[in-house]
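Student: predicted model and sequence follow; I will ask about them next.
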Amino acid sequence: MNPVNYLYLAALLFTIGATGVLIRRNAIVVFMCIELMLNACNLAFVTFSRMHGNLDGQIIAFFTMVVAAAEVVVGLAIIVSLFRTRHSASVDDASLMKL
Amino acid sequence: MTTPLAAYTTSTGEAFQFWVLGTIAVIGALCTVFMKRAVHSALCLAGTMIVLAVFYLANGAYFLGVVQIVVYTGAIMMLFLFVVMLVGVTAADSLKETIKGQRWLALLCGAGFGVLLFAGIGNASLKEFSGAGRANTNGNVEGLAALIFTKYVFAFEITGALLITAAVGAMVLTHRERTERAKTQRELSEQRVREGTNVPPLPAPGVYARHNAVDIAGLLPDGTPSELTVSKTLRERGQLRDVSTEALNDLRALEQRAEERLERTAIEPETFKRPEEASK
Amino acid sequence: MENLIALLIAAPLLGAAVLLAGGRRLDRVGHWIGTLLSAASFVFGLILFADLLGKNAEHRTLTQHLWTWIPVGGFQADVTFRLDQLSMTFVLLITGVGSLIHLYSVGYMEHDERRRRFFGYLNLFLAAMLLLVLADNYLLLYVGWEGVGLASYLLIGFWQHKPSAATAAKKAFLVNRVGDMGLSIAIMLMFTTFGSFAFGPVLGHTGDTSEGKLTAIGLMLLLAACGKSAQVPLQSWLGDAMEGPTPVSALIHAATMVTAGVYLIVRSGAIFNAAPDAQLAVTVVGAVTLLFGAIVGCAKDDIKKALAGSTMSQIGYMVLAAGLGPIGYVFAIMHLVTHGFFKAGLFLGAGSVMHGMNDEVDMRRYGGLRKYMPVTFITFGLGYLAIIGFPGLSGFFSKDKIIEAAFAKGGTEGWILGGAALLGAAITAFYMTRVMLMTFFGEERWRNQPTRSPEAPSAEPAAETRGEHTEPHPHESPKVMTIPMIVLAVGSVFGGAFFSIGDRFLNWLEPVTGHSEGDSPLSAATVTGATMVCLVIGVAIAWAQYGRKPVPAVAPRGSLLTRAARRDLLQDDFNHVVLVRGGEHLTRSLVYVDHTLVDGVVNGTAAGFGGMSGRLRRLQNGFVRSYAVSMFGGAALLVAATLLMRAV
Amino acid sequence: MSFPLLTATAALPALGAVATAAVPAARRTAAKWLALAASLATLALAITVLVRFDPDGARYQLTESHPWIADFGVRYELGVDGIAVALIALTALLIPFIVLAGWHDADPLETGSRRWRPTQGFFALILAVEAMVIISFEATDVFVFYIFFEAMLIPMYFLIGGFGDRAHEHGEEAAATQRSYAAVKFLLYNLVGGLLMLAAVIGLYVVAGNFSLQEIAEARANGSLHMATSTERWLFLGFFFAFAVKAPLWPLHTWLPNAMQESTAPVAVLITAVVDKVGTFAMLRFCLQLFPEASKWATPVILVLALISIVYGALLAVGQRDIKRLVAYASISHFGFIVMGIFAMTSQGQSGATLYMVNHGISTAALMLVAGFLISRRGSRLIADYGGVQKVAPVLAGTFLIGGLATLSLPGLAPFVSEFLVLVGTFTRYPAIGIIATFGIVLAALYVLVLYQRTMTGPVKPEVSAMPDLRARELVVVAPLIVLLILLGVYPKPVTDIVNPAVKQTMSDVHQTDPKPEVEAAK
């Protein structure tokens, strides 16, 4: 098998995650989908590092994880406070950007 | 599967593993998207992540594989679960689309994007693979460490700062500032008396012996549920179970059986409203 | 000596400036200042006249160049005055009659608190009129031309508190403006044709250009003359102009301004001589107007309006004469002068009658006034005899000459025109006799009835001080008013004889206007005889109708023609329906168009953009997910773009 | 390097504006006096320019030239020819009267009104407009001209939108909304024009390589700079459109009535007598000099449009119920005359047009300012609300009449000279158009006299019975204008002497000569 399939898999997961972000209303699920996308990217990175036989790809993936962790922390905090204020975790309820 | 050296093509073992686990991963991802309840989504996602961790290992990224399992599946997903609990486990949000055309657009974009990515990868002509072996010649972790603390040291420090900032930020966001001192029990009771509103302690939920779960509102004499008897959180989540109607139905059934037992003619419901007629 | 010419104009101009800018402090002496300055102008005129008489005929032209007015490229307009026999005649007429009427007004306007301004306007008029007749080029003439229009506007509307007066003034100015349009177009034509519009170059080179051009110029000048001289079809304003104070009617709308058209035609004689078609048009207009005016004059019960009609018809005579070419020029001017005398006299008489009758203008409320105001009666009577052409009086000479000239035109035209003139003479005799009888003879219809008839409210505000709603007490006017009347009466008695005995006037004017005896099919005697017959007929009919039987105090319904004539032969109604109504509709619809169409297009565009942005704004529905979709779509497009780039 | 007179003339009012704006809010009167002083000083400088200018000298005099944006060859170039000098003098002359007339227009309203009217701002804005107008008369660099031509809009916008008549028949709010509508309309119209012009300016740079009017004009003249016919026409249209909007030419005129109706009388005068002149002036200076061929190509259309403006404006003026709108439409008719004179391509027409700009400025100022005094007394702009004013306020009525007579171009008053010159100039080349345009004088008489009759004559309306006559300040404003009208009407030679050489130059730029009369009688 050609390891390129990993990349195909990563692309597939990424697409699924993106679609999920667009489809779901529940902020938490949206977040999960984002995580999914990040993971897909990580998979791609790892595969790349395997291709080129150096570790930079893995480093990037590592950093991605760190950043993802930070992002999740903040994002979930936001969701919680949002829930506190408007008693709902639906992203559609926070439509204050409307003119 | 932990082949130290991945060449142009991989071993059939890995291929087998890829096809099996890959399917699982995709299914998990789909479930993440389409599960009604956040908890289920979270679990599916966790599964996908574990699969990915395995793939990392397969690709010779041992450190990342472990980290994936520990950090992601262990920490982050748990964080997710906590929040889900906070928001309400049982809250099942409908997948019905409210924004017109959103879903179709989303699927269209998604499909289009996917196709493009596949096309991109397809004609990228990725032929030669030097394999993870050369990268891991003197140990994967050592290699990573060498890189992180030499080449990427600044990025590393900055991400560290980022993490701390994020932690602080999370605290700031979730921490609710108290403007005034919290009221003591005594003060609360005094206030209740002063205002004259529910002077005695709040009624307990589930006044009927059959229903004493916390999420069931106690019934008032007229059979309507009283919000007061249930805890605020549940109320806000809208997770009250209303049993007033079934209570009444049970009551009626009971009456019915009593009548039959006493060989009386079946009574139309209106006799409830005219007891004097029932007495003859 | 030339430098006096400027003074002619300067004097009244100064008067106007002082009186109008002077303010109330001049109220007590204002009228005397005005009178004095016009008199001074008259004196200058006399001096210059003497000077001209001293020269021999061909050197009797003085020019004075003051300054260059508008110098642009080939377009050179100078402020230059030209005093020759023709303008001299006018100067004397204007300043003379003008001064007399100033004097008269001192008495007539005595009770008007705005007398100072009145004299200011009068002086302004004198200055403008003098400028008109003294100008050396048509553009400067145009200035005077509109100047008199302005003065007449101000004076007709002098009692501005009366809407009727204000309207009449506006009407006069507008109708005149139409004529002025003709004049300005004529000037442009002259410029394009001759490269100049000064009398010398234009009139001297009429031979160098096509007849068509000259005809065009002539017709345009005729249009101008029609406007100013109240000739058909632009005559409608003159009747209403009687809203002004009577001295104004006498000076401006009888003696001087309305004759400016005749001056213009005679002055441009060279052009008309070279353009027979234009001449024919002039004669036609003249003939039509002289009949028109006469008929209108027969029907009016308002004494001033009756006189206005007669003015119209008399000027018709002059225009007719002017249209006859060299045969008629001299007589046109001669009739103009004599008419200036007797018509001014008649108006002053009418004014004096009104003065004594609480400003009553309806002749049906007069009657038998001869024993109450003898001087007025006599002077008016003399003027009357003069205008109907009683043998020996001035009207006789001038009008008779015109009729002769008309016949002398020759051909069928000659017959037609002459016939019209004769008929006009008969009608003139009729309506003037009518006026005379209704006013001074018959029983006293003003007895035991308030004179302030509701439908004809009093003109003068001065009347409010004395005009109670009581039976009037007819009385002779003060000296200051009668003297001018007497003087004018003398002029209207002897003027004609003085002019025509020995052809004094002819010889005087001939160098300017030129003269030629036409070949008349009838002998002078025949014409005179015919005129006399018409005269007698007219008087007789009038006597039969108004002398023998008493005049009803309320006008009978009258025949169709009479009623039409009372309404100025429906000319006003025509104007009203066609021009006024039409204009109103036009402007109203245009306002609508401007608002909806022209402005609508603009606002429509604006609204379109607004709507579009509103629709685009809907995209900003505030839902994070739809924003995310657009971002994702954008990302997809970017990827596609990069791939395409690599593929290409 | 001599004293930069032109720069000073433009800079002085600008400084005055800054100083006026800087006066503390409490010292309102001081600000007024400051503004008046600044405008008078500018007038003095303008007169020095007038004196220093030699009609028979070089085409552009008192020139200044400094490099500004070297990369685009933009130079700060100033210079005046006769036409510019005349218009600068007019501007500098009118502003003091405008300031005086608007003396109380920007006073804070009596308590109870929600509207805040910054007095300092009002006068500062007027001075700013003056500065920009003057410098756009002086600029001989297309780019510099463009900048100030556009920048003018900003203070004008605030003047129109910020300051209206004290009393308004529809009440404060309605007044505010209408004002802002008018201001926005004014801004949008002129901005659209300005944008097209900007495109044309850039195009010109692409073609010519620099912005200097003189260089380009010379290059055009001696053929060293060739433009493709289509290019020239497009550029011409770009410029002309902007100027046609500014000097409202049918059908781009509808912003003017709103603007003049809603703004106070002095501002209305500022619009129509000063700012709009920049448009007609620019046609004369830029359109004709830079694109002679295209100008000739477009002449028929432009003449027809001008003709429509004349008749149409006059007819609409007759139909108006609002005094200020009436004057506005009258101005549209007059601008038609000006444009007609410019594009008749005869020396009479162009001198007449230039003269017309000056005279129209003065006459409109006289009429509009008196109308403003009238309106401020009665608190209504509707003609129907007046009647018999001449009985209670004869002086006001008299000055109003004189202003009106000037507007209908009565001979003896200044506008007659220019109007007749324009008519003759047009007639010599296009007789039909000239004749039709002559109808304009009848219509003019109609709307002026109808206005006068309805407002001034007739029985005295009770509302106006207590109306005071002109005050000293107002007389000081009106009297000089009237004197000037008479003076220029009787002896316009000084102005024509200044203007004629410049016009001759322009005529030679467009390779045009006056048509010769049929008979060479005069010579």
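Tutor: Cool, the structure landed.

Student: contacts and neighbour counts: CA atoms only from here.
Tutor: OK.

Student: chain center to stretch A:20-38, what's the gap?
Tutor: In terms of Cα atoms, centre = their mean, to the nearest Å, the centre of stretch A:20-38 is set 7 Å apart from its chain centre.

Student: what does stretch C:37-53 give?
Tutor: The answer for stretch C:37-53 is 25 Å, by Cα atoms, centre = their mean.

Student: tell me the buried residues in it?
Tutor: Buried positions in stretch C:37-53, judged by neighbour count with 16 or more other Cα atoms under 10 Å in any protein chain shown: C:37-46, C:48-49, C:52.

Student: now do the helices in the stretch 401-550 of chain C.
Tutor: C:411-440, C:462-466, C:479-500, C:504-513, C:524-542 (DSSP state H, counting those that start in this stretch).

Student: same deal with the stretch 51-200 of chain B?
Tutor: Under DSSP H, counting those that start in this stretch, the stretch 51-200 of chain B gives helices at B:62-67, B:77-87, B:102-122, B:131-135, B:140-150, B:153-174, B:185-195.

Student: close to chain C, is the third one?
Tutor: Meaning helix B:102-122. Yes: Helix B:102-122 lies within reach of chain C by Cα under 8 Å from any Cα of the partner chain, at B:Gln102, B:Leu105, B:Ala106, B:Cys109, B:Gly112, B:Phe113, B:Leu116, B:Leu117, B:Gly120.

Student: for the residue nearest to the second one when sequence neighbours are not counted, give its distance to A:Arg24.
Tutor: In space, B:Leu105 comes closest to C:Val629 once its chain neighbours are excluded; the distance is 7.2 Å by Cα to Cα, 6 or more residues apart in numbering or on different chains. The span separating C:Val629 from A:Arg24 equals 12 Å under the rule Cα to Cα, to the nearest Å.

Student: then C:Ile402?
Tutor: Applying Cα to Cα to C:Ile402 and A:Arg24 gives a distance of 110 Å.

Student: repeat that for D:His360.
Tutor: Taken as Cα to Cα, the span from D:His360 to A:Arg24 is 71 Å.

Student: which of the residues in the helix or strand containing C:Ile217 are buried?
Tutor: Taking DSSP states H and E as the criterion, C:Ile217 maps to helix C:211-229. In terms of neighbour count (16+ other Cα under 10 Å), helix C:211-229 has its buried residues at C:211, C:213-229.

Student: now for the residue in the stretch 151-280 of chain B positioned nearest to chain D, how many residues are close by?
Tutor: Using Cα to the nearest Cα, the closest approach of the stretch 151-280 of chain B to chain D is made by B:Thr179 at 40.1 Å. Neighbour count of B:Thr179, defined by other Cα atoms under 10 Å in any protein chain shown: 6.

Student: can you check D:Tyr205 too?
Tutor: 19.

Student: check what pLDDT it gets.
Tutor: You'll see D:Tyr205 listed with a pLDDT of 90.

Student: the one helix or strand it maps to vs chain C: in contact?
Tutor: Using DSSP H and E, D:Tyr205 maps to helix D:171-208. No: for a cut-off given as Cα under 8 Å from any Cα, helix D:171-208 has no contacts with chain C; the smallest distance is 9.1 Å.

Student: now that helix: buried residues?
Tutor: D:172, D:175-176, D:178-187, D:189-191, D:193-198, D:200-205, D:207-208.

Student: the helix or strand following that helix vs helix D:171-208, what angle?
Tutor: Downstream of helix D:171-208, the next assigned helix or strand under DSSP H and E is helix D:213-221. Put simply, helix D:213-221 runs at 50 degrees to helix D:171-208, going by axes from the mean of the first three to the mean of the last three Cα atoms, to 10 degrees.

Student: tell me the helices and strands packed up against helix D:213-221.
Tutor: When contacts are defined as 3 or more Cα pairs under 8 Å, 6 or more residues apart in numbering or on different chains; DSSP states H and E, helix D:213-221 sits against helix D:288-290.

Student: check contacts around C:Phe430.
Tutor: Contacts for C:Phe430 (Cα atoms under 8 Å, 6 or more residues apart in numbering or on different chains) come out as C:Cys298, C:Leu535, C:Gly538, C:Val539, C:Ala540, C:Ile541, C:Ala542.

Student: go with 7 Å
Tutor: Shown in contact with C:Phe430 (Cα atoms under 7 Å, 6 or more residues apart in numbering or on different chains): C:Gly538, C:Val539, C:Ile541, C:Ala542.

Student: buried subset of these?
Tutor: Buried among these by 16+ other Cα under 10 Å: C:Gly538, C:Val539, C:Ile541, C:Ala542.

Student: of those residues, which is the nearest to chain D?
Tutor: So of the buried ones among the contacts of C:Phe430, ranked by how close each gets to chain D (Cα to the nearest Cα), first place is C:Ala542, at 39.4 Å.

Student: got the residues of helix B:102-122 next to chain C as TSV, with neighbour count columns?
Tutor: Output for the residues of helix B:102-122 next to chain C, formatted as TSV (neighbours: other Cα atoms under 10 Å in any protein chain shown):
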residue	neighbour count
B:Gln102	16
B:Leu105	18
B:Ala106	24
B:Cys109	25
B:Gly112	17
B:Phe113	25
B:Leu116	18
B:Leu117	22
B:Gly120	16
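
Student: now these as JSON lines including pLDDT and distance to C:Tyr329?
Tutor: Below are the residues of helix B:102-122 next to chain C laid out as JSON lines (pLDDT from 0 to 100; distance: Cα to Cα, whole Å):
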{"residue": "B:Gln102", "pLDDT": "85", "distance to C:Tyr329": "98"}
{"residue": "B:Leu105", "pLDDT": "88", "distance to C:Tyr329": "97"}
{"residue": "B:Ala106", "pLDDT": "89", "distance to C:Tyr329": "101"}
{"residue": "B:Cys109", "pLDDT": "90", "distance to C:Tyr329": "100"}
{"residue": "B:Gly112", "pLDDT": "91", "distance to C:Tyr329": "101"}
{"residue": "B:Phe113", "pLDDT": "91", "distance to C:Tyr329": "103"}
{"residue": "B:Leu116", "pLDDT": "90", "distance to C:Tyr329": "104"}
{"residue": "B:Leu117", "pLDDT": "89", "distance to C:Tyr329": "106"}
{"residue": "B:Gly120", "pLDDT": "86", "distance to C:Tyr329": "106"}
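
Student: from B:Val153, how far off is the closest residue to D:Leu256 other than its chain neighbours?
Tutor: Leaving aside its sequence neighbours, D:Leu256 sits nearest to D:Ala328 (Cα to Cα, 6+ apart; 6.5 Å). According to Cα to Cα, D:Ala328 stands 75 Å off from B:Val153.

Student: the two: who's more crowded?
Tutor: Neighbours per residue, other Cα under 10 Å: of D:Ala328 and B:Val153, the larger number sits with D:Ala328, 31 against 14.

Student: on contacts alone, who are the packing partners of whichever strand or helix holds that one?
Tutor: Counting by DSSP H and E, the element that carries D:Ala328 is helix D:323-343. Contacts defined by 3 or more Cα pairs under 7 Å, 6 or more residues apart in numbering or on different chains; DSSP states H and E place helix D:323-343 against helix D:255-262, helix D:292-319, helix D:347-378, helix D:414-429.

Student: which among those helices is found nearest to D:Leu45?
Tutor: helix D:347-378 (18.2 Å; Cα to Cα).

Student: that older thread, for D:Ala265, see how far away the residue nearest to D:Leu256 is.
Tutor: On the measure of Cα to Cα, D:Ala328 and D:Ala265 end up 11 Å apart.

Student: ok, C:Lys399 touching C:His335?
Tutor: Yes: shown here, C:Lys399 and C:His335 form a contact pair, counting by Cα atoms under 7 Å, at 6.4 Å.

Student: looking at the two, which has the bigger crowd around it?
Tutor: C:Lys399 (32 against 27).

Student: show me what contacts that one?
Tutor: Contacts of C:Lys399 by Cα under 7 Å, 6+ apart are C:His335, C:Gly389.

Student: swap in the one 10 residues further on?
Tutor: Neighbouring residues of C:Lys409 by Cα under 7 Å, 6+ apart: C:Leu324, C:Gly518.

Student: how about 10 Å then?
Tutor: Neighbouring residues of C:Lys409 by Cα atoms under 10 Å, 6 or more residues apart in numbering or on different chains: C:321, C:323-325, C:327-328, C:415-418, C:517-521.

Student: nice, that's everything, thank you.
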